[in-house]
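*Asks:* Quick one, what's the 3D model for this:
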Amino acid sequence: MSQLFFGFEGLYKINAIPTLSLSLGLLGIIGIILTLGRRLDSAMKLERFGIPIALLIGAIGFVIGPYGPFSLLPERVLNIWMKLPTPLLTLVFATLMLGRPIPRVSGLWQPVASQALLGLLLGFGQYVVGGIIVLSFLLPYLGVDPLMGCIIEVGFEGGHGAAAIMGESFKKLGFPEGLDLGFAMATVGLLASTLLGSGLVVIGRSFGWLVPVEQEMKNDLDEFDLEFNPIEQIKSLLYNFALAGLAVLVGIFLLYCLRLSSIYLGDISQQVILAFPVFPLALMGSFFIRFALEKTGNTNLVSSLFQREIGILSTDLLIITAMAGLNLPLLINYWVPISILALGGLIWNLVGMLVFSRLFFKEEWFERAIAEFGNATGVAASGLLLLRLADPRNSTNTLPVFSIKQLFLQPLLSGGLITVIAPLFISNFGLKGWTEFCGLISLSLCAIALSLQSKYKKASA
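*Replies:* Numbering: from 1, shown residues only. The predicted model follows:
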């Protein structure tokens, strides 16, 4: 049926421009539908229950995609869409720090340190859980590739964008199925983080785990955002796109400098740097641009509303393009290992949130834990969504603590340095060695966190 789609397949052989035009045109229409649709009552109610509208549209895209039951979308359209998660994720991180004032570090050092320790523990623990499951069951009984020990962290922590980036690394290491399995795990993680996470917020509210909120709602939109002046709004939107693009350019420049320095390093270091993605550095670029705007007094050029909308829309389109291209036959073949790994990862993240967070955090433990659960299960955007559900009025310090923590952890996990190193380490030294290494790191992180809490209690006593 895809060959009948506007006679597109035959036209492609003559000229490739219609492929690009149709692919981006459809994506643009979907973006407009998403932007307008999120403001409908039904969509807002679904979001309130933790079901993003992007998941529903992504499911429709999967049904009409090349591997779905109704193959309406041409495969060549999906081939272009599958190249978009990386730039879309980069744009998400380019907006992350631009729309908010840079938090003051003074007085936040201890909370940021404990937040970072929990984030690291969840990330390294996912490698431990994945390694144990693969070594003890999946490898001897199902004969899976040892690199499947990385799939939980890639899909849960990194999401669809990291899965797209790491798919190329998996392919080079002889594990081409890693791309689709990463997408599948990312979809499971996103569903679990929204549905399970919103359920945890309801439970936390009923048990009194949440910090009581003030009655007066804080409006995060300034007067300019509330004015309806089409010309000024368009100018502001263009300014905000330009600033986000500038943050991406800073990230690209930093990546270029890294790769330039790799010629003086060894082979393994070169492999790591060459596989390192740009989006963690786009977050650094976002921070640098915001810092420059604050120092020069030009923060009026940034609209928190537009930056948030750009980030949300990019995340939604990322989810849709990734879900539309899910390889159903491959997923059916791998449904057992994917299900077991996903269950193990979810159990670990729940233990981290409900048990370890109480040991790591002295105050506001639930708000900080739910943000970390969302981040470790369905990437940073899910963490912010769950935090908004748990703390809608920003009554706690969790948002600035979480933002500062991202600056340090994003270049490591969620598609950063550790995510890139893991498959290379497993290919060169084996899954058992990597699992043991991550286990030692996890134990060390627990010891450091407990020591930090002990010192904090003595200082405050």
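*Asks:* what sits up against stretch 196-214?
*Replies:* Stretch 196-214 has contacts (Cβ atoms under 8 Å, 6 or more residues apart in numbering) with 49-50, 346, 350, 353, 364-367, 370, 373-374, 377-378, 382, 385-386, 389-393, 395-396. Backbone N, C-alpha and C define where each C-beta goes, glycine included.
*Asks:* Just the buried ones out of those, please.
*Replies:* The neighbour-count test (16 or more other Cβ atoms under 10 Å) marks 50, 346, 353, 364-367, 370, 373-374, 377-378, 382, 385-386, 389-391, 395-396 as buried among those.
*Asks:* Just those: which are in helices?
*Replies:* Among the buried ones among the contacts of stretch 196-214, DSSP state H puts 346, 365-367, 370, 373-374, 377-378, 382, 385-386, 389-390 in helices.
*Asks:* which strands and helices sit next to the helix or strand containing residue 133?
*Replies:* Residue 133 is part of helix 109-133, with elements assigned from DSSP states H and E. Helix 109-133 is packed against helix 151-152, helix 335-351, helix 357-360, helix 365-390, helix 398-409, helix 417-429, helix 431-460, with contacts defined by 3 or more Cβ pairs under 8 Å, 6 or more residues apart in numbering; DSSP states H and E.
*Asks:* any idea which of those helices is most buried?
*Replies:* Highest mean neighbour count of the helices and strands packed on helix 109-133: helix 151-152, a mean of 32 (counted as mean count of other Cβ atoms under 10 Å).
*Asks:* contacts for that helix?
*Replies:* So helix 151-152 is contacted by 126-127, 129-130, 178, 181-182, 185, 338, 341-342, 344-345 (Cβ under 8 Å, 6+ apart).
*Asks:* try it again with 6 Å
*Replies:* Applying Cβ atoms under 6 Å, 6 or more residues apart in numbering, the contact partners of helix 151-152 are 126, 130, 181, 185, 341, 345.
*Asks:* Check what pLDDT the nearest residue in space to residue 425 that is not next to it in sequence gets.
*Replies:* Once flanking residues are discounted, residue 425 sits nearest to residue 434: 5.0 Å by Cβ to Cβ, 6 or more residues apart in numbering. Looking at residue 434, its pLDDT reads 96.
*Asks:* do you know how far the residue nearest the centre of the chain is from residue 240?
*Replies:* Ranked by distance to the mean C-alpha position of the chain (Cα atoms, centre = their mean), the top residue is residue 379 at 2.9 Å. Separation of residue 379 from residue 240 (Cβ to Cβ, to the nearest Å): 22 Å.
*Asks:* and if you look at residue 53?
*Replies:* Residue 53 is 22 Å from residue 240, by Cβ to Cβ.
*Asks:* now do residue 430
*Replies:* Per Cβ to Cβ, residue 430 is found 47 Å from residue 240.
*Asks:* more neighbours, those two?
*Replies:* Ranked by neighbour count (other Cβ atoms under 10 Å), residue 430 and residue 240 place residue 240 first, with 22 against 13.
*Asks:* Just the pLDDT at the closest residue to the more buried one other than its chain neighbours, thanks.
*Replies:* Residue nearest to residue 240 in three dimensions, not counting chain neighbours: residue 306, with 4.1 Å by Cβ to Cβ, 6+ apart. Here, the pLDDT recorded for residue 306 equals 87.
*Asks:* Could you do residue 153 as well?
*Replies:* Note on residue 153: pLDDT of 94.
*Asks:* got it, and the one 5 residues further on?
*Replies:* Among the per-residue scores, residue 158 holds a pLDDT of 84.
*Asks:* Does it touch residue 414 like I think?
*Replies:* Yes: counting by Cβ atoms under 6 Å, residue 414 is a contact partner of residue 158 at 4.9 Å.
*Asks:* Residue 61 touches residue 322, doesn't it?
*Replies:* No: using Cβ under 6 Å, residue 61 makes no contact with residue 322, being 9.3 Å away.
*Asks:* helix or strand right after the helix or strand hosting residue 286?
*Replies:* Secondary structure assignment for residue 286, by DSSP H and E: helix 279-296. Per DSSP H and E, helix 279-296 leads on to helix 304-324 as the next helix or strand towards the C-terminus.
*Asks:* In that next one, which residues are buried?
*Replies:* Using 16+ other Cβ under 10 Å as the test for burial, helix 304-324 gives 304-324.
*Asks:* Tell me how the chain divides into domains.
*Replies:* Domain ranges of the chain: 2-81, 91-460, per automatic domain parsing.
*Asks:* Alpha carbons of stretch 136-144, as CSV, please.
*Replies:* Below are the C-alpha coordinates for stretch 136-144, written out as CSV (Å, rounded to 0.1, in the frame of the first residue of the first chain):
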residue,chain,number,x,y,z
SER,A,136,22.7,-15.6,34.5
PHE,A,137,19.8,-16.2,32.2
LEU,A,138,19.6,-14.5,28.8
LEU,A,139,23.1,-15.5,27.6
PRO,A,140,23.1,-19.2,28.6
TYR,A,141,19.5,-20.0,27.8
LEU,A,142,18.6,-17.6,24.9
GLY,A,143,22.0,-17.0,23.4
VAL,A,144,21.6,-13.2,23.2
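*Asks:* how far is that stretch from where the chain is centred?
*Replies:* The chain centre lies 29 Å from the centre of stretch 136-144; the measure is Cα atoms, centre = their mean, to the nearest Å.
*Asks:* Tell me, please, the helix or strand in this protein that averages the lowest pLDDT.
*Replies:* Within the chain, no helix or strand scores below helix 8-14, which has a mean of 42 by mean pLDDT, DSSP states H and E.
*Asks:* Isn't residue 134 up against residue 147?
*Replies:* No: at 8.8 Å, residue 134 does not count as touching residue 147 under the criterion of Cβ under 6 Å.
*Asks:* residues in contact with residue 247?
*Replies:* 94, 282, 285, 286, 289 are the contacts of residue 247 under Cβ under 6 Å, 6+ apart.
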